[in-house]
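*Asks:* After the sequence you'll find the predicted model.
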Number of protein chains: 4
Amino acid sequence: MQKKTIIGVIGASEASPCGLKSAYQIGRLIARNGGVLVCGGLGGVMEAASRGCAEAGGDVIGILPGDSSSAANRYVSLPIVTGMGHARNVIIAQTAQALIAIEGGHGTLSEIAIALKIGRTVVQLNSWPQISTTTPQAQTPEQAIEMVFAELQKGELING
Amino acid sequence: MQKKTIIGVIGASEASPCGLKSAYQIGRLIARNGGVLVCGGLGGVMEAASRGCAEAGGDVIGILPGDSSSAANRYVSLPIVTGMGHARNVIIAQTAQALIAIEGGHGTLSEIAIALKIGRTVVQLNSWPQISTTTPQAQTPEQAIEMVFAELQKGELING
Amino acid sequence: MQKKTIIGVIGASEASPCGLKSAYQIGRLIARNGGVLVCGGLGGVMEAASRGCAEAGGDVIGILPGDSSSAANRYVSLPIVTGMGHARNVIIAQTAQALIAIEGGHGTLSEIAIALKIGRTVVQLNSWPQISTTTPQAQTPEQAIEMVFAELQKGELING
Amino acid sequence: MQKKTIIGVIGASEASPCGLKSAYQIGRLIARNGGVLVCGGLGGVMEAASRGCAEAGGDVIGILPGDSSSAANRYVSLPIVTGMGHARNVIIAQTAQALIAIEGGHGTLSEIAIALKIGRTVVQLNSWPQISTTTPQAQTPEQAIEMVFAELQKGELING
């Protein structure tokens, strides 16, 4: 069995109806492209993306901040119980091969910052455009997925 | 999609031929029982259990101490990149619904201790019997698996 | 013995001559105000602030990412060895009662984001002004220190 | 300012009257020998050792599992707010240059295990003698302190 392609979706427990719809669609597209979703495992953007991915048959890794798997949303198939609070954000950024940020507050900003620090691609969808002129900005869920998979293929061509 | 049953196998990078054989067999049996393996993702007992699980078609979560997925053994399908060194032991103990300890040194002992602290079942196979008179001791891989799944069913009956 | 006042200084291993000078001055002023410095314990802004604080007789807590205290700069009196890589940023943000950010890259941004997420005051000095219109911006080290201690006094008045 | 000598005292929130008395005495002796105490920052053995150290004028570092410094016992002068639950045990083991274990349950056992894994001296006082035939066992607080400082001096002679 090969390592699976793990895509991160980051965003807050509160989001606009449009952000939630985008998250759901992105979750679906991750599964349809054969990927696994990694996210924070809770509500809002995390739950919408999880639902999209699960409904399309994909696995959902939820990196949980608390000390019980019962806090995971119902679409998480693989709850990782860190008990590490905000430090779990770092694990999400490191575990994802590329990330899509949807809206989000300061928690999401911390994940984007760590991801950029370690050289991960972060595609943004109405998130934190002001922090970087070089981070790709997507207009639609489809475009975000396209950008992410294009970056991953580029990486594979370079690394092997 | 429901949450999957996640079983932990803990043990060291160095192990006896018998310990490695047991780890392999336990990995196989986890997959055949519909479970997912969680382990430290590196060599020795971790790799043998990963191989057994992967060859029987199961998913293998590797909770890695370093900051790159490249350190994972080749049977890990889902590398979780913590970059947290020994603190990743705590995540393994918390993420597994029950654990099997095979031989092991002080790292394994730290995982057993955390698992017992939070009330997880830890079945031992030639591991650290001296630390507890109430921790179940198995003689064979088959018996270890039986004990673990019996405990999980008991928990389900109690919790609903 | 009472809990001491712990002030965080965050910034990168590489900084402008002006940033380093500011960090040194801020470290001095933390000590002169009876505070303890908490920082990442390494070079650049962290070392300059540590030096300023140590030379003025203050204690310096270095929250280190690696697994040895030997990586700490020479002015750290109290090295905390986390071995947790970037996750140590979260500990710095949580441990400081208020923070001063000096320049900095994405690592510093992750610390600012976590600090804002948990409601800590973060005074910026040529750091990441674009992420918030409400985060106080200082022009000089003296002003940064004034802003930080004013906020802490306000908090004490409110909390009792 | 030089790095200070940091000694860890580990033990549980519940302890025997004798264990608490020993912890208090050990805290006093750490301060009188010019050391700083690091512990988990909460009650029981941790609080008794903290009180002893603080009353003798020493600094007390409390590595807290929760996300607020308010959980620290009143003798902690330097609360480190990890928010990382049981993973904070790893930070205590790594931060202390040597440790003294007083009684304790599975949490303490996890700290001893990590400390032994990374090569720290752990002197035990009615703690977990069954896990190692080579770990020094002390009969009194005075003897525990003697053993710890003797080990540290030996290390300094070797390392330069």
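*Replies:* Alright, I've got the coordinates. Numbering: from 1, shown residues only, chains lettered A, B, ... in the order given.
*Asks:* where are the low-confidence patches of chain A?
*Replies:* Residues of chain A meeting the criterion pLDDT under 70: A:1, A:157-160.
*Asks:* can you list the residues of it near chain D?
*Replies:* Within chain A, the residues that sit near chain D (CB under 8 Å from any CB of the partner chain) are A:67, A:82, A:83, A:84, A:85, A:86, A:87. Where C-beta positions appear, they are placed from N, C-alpha and C, glycine not excepted.
*Asks:* contacts for stretch A:39-46?
*Replies:* The contact list for stretch A:39-46 (CB atoms under 8 Å, 6 or more residues apart in numbering or on different chains) reads A:8-15, A:19-20, A:23, A:49-50, A:60-65, A:71-73, A:76, A:79-80, A:88-89, A:92, A:102-104.
*Asks:* Which of the residues of chain A next to chain D fall within helices?
*Replies:* In helices, judged by DSSP state H, none of these are found.
*Asks:* if we can go back for a sec, give me the subset of the contacts of stretch A:39-46 that lies in helices.
*Replies:* Using DSSP H, those in helices are A:19, A:20, A:23, A:49, A:50, A:88, A:89, A:92.
*Asks:* Give me the subset of the residues of chain A next to chain D that also touch chain B.
*Replies:* Within the residues of chain A next to chain D, those near chain B by CB under 8 Å from any CB are A:67, A:82, A:83, A:84.
*Asks:* In CSV, list the residues you listed along with distance to residue C:108.
*Replies:* Output for those, formatted as CSV (distance: CB to CB, whole Å):
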residue, distance to residue C:108
A:67, 29
A:82, 24
A:83, 26
A:84, 21
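*Asks:* I'd like those as JSON lines, with neighbour count appended.
*Replies:* Listed next are those as JSON lines, based on neighbours: other CB atoms under 10 Å in any protein chain shown:
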{"residue": "A:67", "neighbour count": "18"}
{"residue": "A:82", "neighbour count": "31"}
{"residue": "A:83", "neighbour count": "25"}
{"residue": "A:84", "neighbour count": "31"}
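*Asks:* So which of those residues is the closest to chain C?
*Replies:* Among these, residue A:84 lies closest to chain C (CB to the nearest CB), at 7.2 Å.
*Asks:* Leaving out the residues flanking it, which one is nearest to the closest one?
*Replies:* residue D:84 (4.5 Å; CB to CB, 6 or more residues apart in numbering or on different chains).
*Asks:* where's residue A:91 relative to chain C, distance?
*Replies:* 8 Å (CB to the nearest CB, to the nearest Å).
*Asks:* again with residue A:61
*Replies:* 18 Å.
*Asks:* what number of residues lie near that residue?
*Replies:* 26 (other CB atoms under 10 Å in any protein chain shown).
*Asks:* quick check: angle from the one helix or strand residue A:94 maps to to helix C:88-95?
*Replies:* Here residue A:94, judged by DSSP states H and E, is contained in helix A:88-95. For helix A:88-95 against helix C:88-95, the angle between stretch directions is 170 degrees (axes from the mean of the first three to the mean of the last three CA atoms, to 10 degrees).
*Asks:* Surely residue A:152 touches residue A:120?
*Replies:* No - in this structure, residue A:152 is not within contact of residue A:120 by CB atoms under 8 Å, at 10.6 Å.
*Asks:* list the residues that contact both of the two?
*Replies:* The contact lists of residue A:152 and residue A:120 share A:97, A:98, where a contact means CB under 8 Å, 6+ apart.
*Asks:* Give me the residues contacting the longest helix along chain A.
*Replies:* If you go by DSSP H, chain A has its longest helix at helix A:141-159. Residues from elsewhere that reach helix A:141-159, judged by CB under 8 Å, 6+ apart: A:5, A:7, A:22, A:25-26, A:29-30, A:33, A:97-100, A:121, A:123, A:125, A:136, A:138.
*Asks:* Would you mind listing the buried residues in that helix?
*Replies:* A:141, A:144, A:145, A:147, A:148, A:149, A:151, A:152 (16 or more other CB atoms under 10 Å in any protein chain shown).
*Asks:* Among the contacts of helix A:141-159, which lie within helices?
*Replies:* A:22, A:25, A:26, A:29, A:30.
*Asks:* contacts for the helix holding residue A:94?
*Replies:* Residues contacting helix A:88-95 (CB under 8 Å, 6+ apart): A:6, A:8, A:10, A:38-40, A:61, A:63-65, A:80, A:82, A:84, A:99, A:107, A:110-111, A:114-115, A:118, A:120, B:67, B:69, B:79-84, C:85-87, C:89-90, C:114.
*Asks:* isn't residue A:124 right next to residue A:136, touching?
*Replies:* Yes - when contacts are counted by CB under 8 Å, residue A:124 is listed as touching residue A:136 (7.0 Å).
*Asks:* Which one of the two is surrounded by more residues?
*Replies:* Neighbour totals were compared for residue A:124 and residue A:136, and residue A:124 leads with 24 against 17 (other CB under 10 Å).
*Asks:* Can you tell me how far the closest residue to residue A:69 other than its chain neighbours is from chain D?
*Replies:* Leaving aside its chain neighbours, residue A:69 sits nearest to residue A:79 (3.9 Å; criterion: CB to CB, 6+ apart). Using CB to the nearest CB, one obtains 15 Å as the distance from residue A:79 to chain D.
*Asks:* could you list every residue that touches residue A:129?
*Replies:* A:135, A:137.
*Asks:* First-to-last residue distance for stretch A:40-47?
*Replies:* Distance across stretch A:40-47, first residue to last, is 9 Å (CA to CA, to the nearest Å).
*Asks:* Quick one: residues contacting residue A:116.
*Replies:* Residue A:116 makes contact with A:122, A:132, A:135, C:106, according to CB under 8 Å, 6+ apart.
*Asks:* just residue A:18 next, same as before
*Replies:* residue A:126.
*Asks:* Same check on residue A:34?
*Replies:* Counting by CB under 8 Å, 6+ apart, residue A:34 has contacts A:4, A:5.
*Asks:* same thing but 10 Å
*Replies:* By CB atoms under 10 Å, 6 or more residues apart in numbering or on different chains, the contact set of residue A:34 is A:4, A:5, A:58, A:149.
*Asks:* What separation do you get for it and chain C?
*Replies:* For residue A:34, the distance to chain C - CB to the nearest CB - is 29 Å.
*Asks:* just to revisit the earlier point, from the ones in helices among the contacts of stretch A:39-46, which is closest to chain C?
*Replies:* residue A:89 (7.6 Å).
*Asks:* Quick one: end-to-end distance for stretch A:38-54.
*Replies:* OK, stretch A:38-54 end separation, CA to CA: 12 Å.
*Asks:* Not counting its neighbours along the chain, what's nearest residue A:141?
*Replies:* Here the residue nearest residue A:141, using CB to CB, 6+ apart, is residue A:25, at 3.9 Å.
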